[in-house]
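Participant: One predicted model, sequence on top.
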Amino acid sequence: MPLTAGIVGLPNVGKSTLFNAITKSQVEAANYPFATIQPNVGVVEVPDARIDRLVEIFHPKKTIYTTFEFTDIAGLVKGASKGEGLGNQFLSNIRLTDAICHVVRCFDDANITHVENSVDPVRDAEIINLELNLADLQTVENRIGKIEKKSKTTKDKDAVAEMALLNRLKPLLEEGKPARVLEVDEDEAIILKGYNLLTAKPMIYVANLDEEGVMDPSANAYYNQLVEYASSQNNEVVALCAKMEEELSELDKEEKTAFLNELGVDSSGLDLLIQKAYSVLNLCTFLTAGEDECRAWTFKKGMKAPDCAGVIHTDFKKGFIRAEVYRFEDIDELESEHAIKEAGRLRLEGKDYVVQDGDVMHFRFNV
């Protein structure tokens, strides 16, 4: 399932530098507004130590991590919802993403131009959030204009239900709140998804600090301001130094590990961001393992065994018989599937089994 997060923010906050680090590519990161014109897209592996451990045990011919797509989107300015700057293009690019990584500058540097001429993380975040909100309000008002009369005159059941949702959504947006905070039932969720609203997408704030600040983010006043602001919206903040992460991305795995060990951390800021982007979309991973291949597979939390089988191949779902399942923790401890069977930890699960993150699975099917 192709999933993507859009990297957004004001011009010159570090979006393209961050994108360079994520994808190990060399998109332009010039020091002037709108250096990024067309969205750049890169696919990255989702770090997973469980796959690394399975490789140690099975020594497979092939190793495949699950992936996530990041899109670097042109910088936003005030008035984007009305077409200012690259507004219309910016907003249309965000609509194509599943989640938003909102980069906010949290350091002072006189050599790096700020489009607002000063560093203020809360103000900067609010500029973008307001533009997203105004764009969504316009979408909602346009939709009301199309179906309001029909809902009143024909009493069409679907139109009435949609108007009820729109009448709850519009005042929320007018108050400056994102659509994602609206509580909806299953039917309303389907309607809401059809609008493809910008503020309905999950958002992660990325605090871009300098090399000194990232060593102790809690000592950085800008970072603390952003955390307080994000907490008020039930959003999370990932602290990193985009410049440092770009330099880290140029190291091989052993060099990167050694550098992180010197800093006293287990994961880079980018690894945390990738994992966080994966989790905010309610995604999980099941694993397949053997001498031919060790692989991570993405699925939505709550999916049952036949649907997860279908992630591998539609025939697996169509002819699903059962799944042989054990936990990653079991193979980590016992180090062979034979030992797992001997210990009675291999389970046979049927069509109603809800797959759990970290399940190692073998599917039996007949087509």
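Facilitator: The structure has been received and is ready for your questions. Residues are numbered from 1 along each chain as shown.
Participant: quick one: the helices in the chain?
Facilitator: For the chain, helices defined by DSSP state H occupy the ranges 15-23, 49-58, 87-95, 121-153, 157-174, 186-195, 221-231, 242-248, 253-263, 269-280, 305-312, 314-318, 328-334, 337-342.
Participant: hey, which of these is tucked in deepest?
Facilitator: Per residue and on average, the most neighbours among the helices of the chain fall to helix 15-23, with a mean of 25 (mean count of other CB atoms under 10 Å). For glycine as for every other residue, the C-beta is placed from the backbone atoms N, C-alpha and C.
Participant: Using CSV, write down the CA coordinates of that helix.
Facilitator: The C-alpha coordinates for helix 15-23 follow below in CSV (Å, rounded to 0.1, in the frame of the first residue of the first chain):
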residue,chain,number,x,y,z
LYS,A,15,12.4,21.1,4.5
SER,A,16,14.7,20.3,1.5
THR,A,17,17.7,19.6,3.8
LEU,A,18,15.5,17.2,5.7
PHE,A,19,14.4,15.6,2.5
ASN,A,20,18.0,15.2,1.3
ALA,A,21,18.7,13.3,4.5
ILE,A,22,15.7,11.1,4.3
THR,A,23,16.2,10.0,0.7
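Participant: contacts for stretch 277-287?
Facilitator: 3, 5, 46, 48, 50-51, 54, 66, 68, 70, 98-99, 101, 202-204, 236, 294-301, 308, 328, 355-361 (CB atoms under 8 Å, 6 or more residues apart in numbering).
Participant: For ChimeraX, write a command that selects the buried ones of the residues you listed.
Facilitator: Typed into ChimeraX, the next command selects the buried ones out of the contacts of stretch 277-287 (criterion: 16 or more other CB atoms under 10 Å):
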select :3,5,46,48,50,51,54,66,68,70,98,99,101,202,203,204,294,295,296,297,298,299,308,328,355,359,360,361
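Participant: Flag the shaky bits of the stretch 251-367 of the chain, pLDDT-wise.
Facilitator: Of all residues in the stretch 251-367 of the chain, none has pLDDT under 70.
Participant: hang on, the earlier thing: how about the helices of the chain, which one is nearest Asp109?
Facilitator: Shortest distance between Asp109 and the helices of the chain, using CB to CB, is found for helix 242-248: 10.1 Å.
Participant: Which secondary structure elements does that closest one sit against?
Facilitator: Contacts defined by 3 or more CB pairs under 8 Å, 6 or more residues apart in numbering; DSSP states H and E place helix 242-248 against helix 15-23, helix 269-280.
Participant: low-confidence ranges in the stretch 101-250 of the chain?
Facilitator: Filtered on pLDDT under 70, the stretch 101-250 of the chain yields the residue ranges 113.
Participant: quick one, phi psi at His313?
Facilitator: Phi and psi for His313, reported as degrees, to the nearest 10, are phi -160, psi 140.
Participant: For it, grab the count of nearby residues.
Facilitator: By other CB atoms under 10 Å, the residues close to His313 number 13.
Participant: so of the contacts of stretch 277-287, which ones are in strands?
Facilitator: Using DSSP state E, the subset of the contacts of stretch 277-287 located in strands is 5, 68, 70, 99, 101, 203-204, 236, 294-300, 359-361.
Participant: still on that earlier bit, indicate which one of the helices of the chain is closest to Val41.
Facilitator: Going by CB to CB, the one of the helices of the chain nearest Val41 is helix 15-23, 8.5 Å.
Participant: Now do the domain split for the chain, please.
Facilitator: Domain assignment for the chain, taken from automatic domain parsing, gives 4-47+66-118+201-280, 131-199, 302-365.
Participant: between the helices of the chain, which one is nearest to Phe107?
Facilitator: Judged by CB to CB, the one of these that comes nearest to Phe107 is helix 221-231, at 7.0 Å.
Participant: how many degrees apart are that closest one and helix 121-153 in direction?
Facilitator: Between helix 221-231 and helix 121-153, the angle comes out at 20 degrees (axes from the mean of the first three to the mean of the last three CA atoms, to 10 degrees).
Participant: Export only the CA atoms of helix 221-231, formatted as CSV.
Facilitator: Presented in CSV, the C-alpha positions along helix 221-231 are these (Å, rounded to 0.1, in the frame of the first residue of the first chain):
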residue,chain,number,x,y,z
ALA,A,221,13.1,27.9,24.3
TYR,A,222,11.8,27.7,20.7
TYR,A,223,11.4,23.9,21.0
ASN,A,224,9.5,24.2,24.3
GLN,A,225,7.1,26.7,22.7
LEU,A,226,6.4,24.4,19.8
VAL,A,227,5.9,21.4,22.1
GLU,A,228,3.3,23.4,24.2
TYR,A,229,1.5,24.5,21.0
ALA,A,230,1.5,21.0,19.5
SER,A,231,0.3,19.5,22.8
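Participant: Having no further points to raise, I will conclude here.
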